[in-house]
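**Student:** Quick one: sequence plus predicted model below, questions after.
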Amino acid sequence: MKIKSEKTILKLTPESVDIVSESVREFLNNLQAPKKNIIETRLTVEEMLLDFMDKFGQDKEFTYAQSNFLGKPYITISVEGEPFNPLEKDSDDEFGNWSSALISSADFAPTYSFDRGINSLTIRFSKKETNPIIKLLLAIVAAGFVSLLKFVVPAETIVFIKETLLDSLYTAFLGLMTTIEIPLVFLSVTCGIIGIGDSAVFGKIGRKMVVRFVVIILFFTSVSGVIFSMLFSKLSDNSEGGISLKVGIDMLLDLVPKNLVDPIQNGNTMQVVIMATFIGIALVILGSKAKTISKIINEGNSIIVYITSVICKLLPFFIFIVLLDMIWSGNLHRFINMWKPIAAFVLVVAGLFVLMLVTVASKEEVKIGKLLKKMLPTFLIGFGTASSVAANGECSDSLYRQLGVNKRFVEFGQPVGGVIFMPSTAINFMVCAVYMASYYKIDVSILWYIIAIMLCTFVAIATPPVPGGAIAAYTVIFTQLGIPSEAVAIVVTLDIIFDLVSTSFDGAFLQLELIRQADENNMLDFKILKK
């Protein structure tokens, strides 16, 4: 659907606030955005305009614009005057600044900028996407149909098409993912450290919340790693793949970058992660002295996430190429055997969810069936769309209205958790890594598993919240763990199924964890929860 561009100059009056609110509603309706996201966005825009009105007074002119840039719809509100960011909270707020860089890249989240005397607030959106399952089915059907050419054209032609066209396109796509993987990891990790460590961004509750999120993901990934190792792999008995002291020391020392150039030049992801962590910590310590660098990193992260989302739109075409190549090469069994890691992934995620559900229900003294009934709508939206953005509205609404979590706690915890708290995604990466290591008969050791757990955990946190964003993550993880690049092609063909399960369970895990944290901070209404 074509986006209609508009630009209107109004005055900061209550009547203008209503006019802009109605324009936002029509704009999002045309995008077929979820109803709850429309309501939340309208309320956000109204609140921002009222804050501008309080700051600059009534009758001050402002500009409202709505348009589309490179397929990304957006709205912008601009006011001339001294710097004023209505998204910022007081530094002593117990939650901190909810406009943190950690959540500013998510859809329906406003971002602030000040340039040449103009205060600007921008909200970017995504158009309604085709159901990912439909995309997968279309790619499979198309690959199956085109593969029939093998029976009507000469074998030499098939070989020519495969070696000249398919292999070249496959290499080009993986090349694109390899090109962005290092800047993606570096910018995501550094940006995350800046956001988590800045006391002006996260208050006491905010910092505790983020630490809890990371610890739980690490725990779940470790447990799943043990289970997957028993199912698909075993520790190597030889000295090089085993756990000898020398090998262990060498592996640990290899994690330390020798200079700033080698990790990027050689594509050593773990060294990049460590380097990004130290730089992020340094920027946090320096604070305002390095404010410009921090801003550049945040903006660079937004750029690389957008580039990743654009590249990932080619995913159905890439799946078509991979499947067609497998069929013509007689390697379709590789694709078919992927039911094993998928089944293991679903069982482990479901088991951990049941464990967490029983724990929360027991501690909060609420019936399991009642909890499940209230959480089900969010789960179904996530499973049906593979989009956390589509489920955000229902997730926040159910937390506040059905599960009794304080609205202020939801307003902070739900968007931050939606970006950081991805335990199912980390488990997804872990099962793929272990299965592919077993498939390609790679020697693994305890240290290999430790690195895999750490890598899957932090890459899951750094993975951009866009459809297909996991492709870059697979490339990063497999490269670092010594798994052949062709494994990426096999995993990506069924990543849509992994994504459906991950998105739905990540939302469910987040709801349970926010209930627990709200209770610990005396921000849980037990009457609503048990109703």
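**Tutor:** In hand now; what should we look at?

**Student:** can you give me how far stretch 211-221 is from the chain middle?
**Tutor:** Using C-alpha atoms, centre = their mean, to the nearest Å, the mean C-alpha position of stretch 211-221 is found 16 Å from that of the whole chain.

**Student:** actually stretch 134-151, not the one I typed
**Tutor:** Using C-alpha atoms, centre = their mean, the distance between the centre of stretch 134-151 and that of its chain works out at 30 Å.

**Student:** Kindly report the same for stretch 323-342.
**Tutor:** For stretch 323-342, the distance to the chain centre is 27 Å (C-alpha atoms, centre = their mean).

**Student:** Can you name the residues in contact with that stretch?
**Tutor:** With C-beta atoms under 8 Å, 6 or more residues apart in numbering as the test, stretch 323-342 has contacts from 139-140, 143-144, 146-147, 150, 158, 162, 166-167, 170, 232, 431-432, 435, 439, 490-491, 493-494, 497-498. The C-beta positions use only the backbone N, C-alpha and C, and glycine is treated the same way.

**Student:** In PyMOL, select just the buried ones from the residues you listed.
**Tutor:** Written as a PyMOL command, the selection of buried residues from the contacts of stretch 323-342, which uses 16 or more other C-beta atoms under 10 Å, is:
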select buried, resi 139+140+143+147+158+166+170+232+431+432+435+439+490+491+493+494+497+498
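
**Student:** A helix includes residue 137, no?
**Tutor:** Yes: read with DSSP: H, G, I helix; E, B strand; the rest coil, residue 137 is one of the residues of a helix.

**Student:** quick thing: my sequence starts at 41, can you match it?
**Tutor:** Will do, 41 is the new start, and the previous item becomes residue 177.

**Student:** what about it, how many residues close to it?
**Tutor:** 13 (other C-beta atoms under 10 Å).

**Student:** Equivalent analysis for residue 182, please.
**Tutor:** Look at residue 182: counted by other C-beta under 10 Å, it has 16 neighbours.

**Student:** Check which helix or strand the nearest residue in space to it that is not next to it in sequence maps to.
**Tutor:** Spatially, and ignoring its direct neighbours in sequence, residue 182 is nearest to residue 360 (5.3 Å; C-beta to C-beta, 6 or more residues apart in numbering). In this assignment (DSSP states H and E), residue 360 forms part of helix 355-369.

**Student:** And that helix, what's buried?
**Tutor:** Residues 355-356, 358-368 are the ones in helix 355-369 that count as buried (16+ other C-beta under 10 Å).

**Student:** Please apply the same query to stretch 59-66.
**Tutor:** Neighbour-count burial for stretch 59-66 [16+ other C-beta under 10 Å]: 60, 63-65.

**Student:** can you list those residues in CSV and add pLDDT?
**Tutor:** As requested, the buried residues of stretch 59-66 are arranged in CSV below (pLDDT from 0 to 100):
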residue, pLDDT
60, 88
63, 87
64, 85
65, 85
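
**Student:** of all those residues, which comes closest to residue 523?
**Tutor:** When those are compared for distance to residue 523 (C-beta to C-beta), residue 64 comes out closest, at 46.1 Å.

**Student:** Is that closest one in contact with residue 82, as I believe?
**Tutor:** Yes: assessed by C-beta atoms under 8 Å, residue 64 is found in contact with residue 82 at 5.2 Å.

**Student:** ok, residue 219 - contacts?
**Tutor:** The neighbourhood of residue 219, defined by C-beta under 8 Å, 6+ apart, contains no residues.

**Student:** model confidence over the helix or strand hosting it, on average?
**Tutor:** For residue 219, the element it lies in under DSSP H and E is helix 207-237. Across helix 207-237, the average pLDDT comes to 73.
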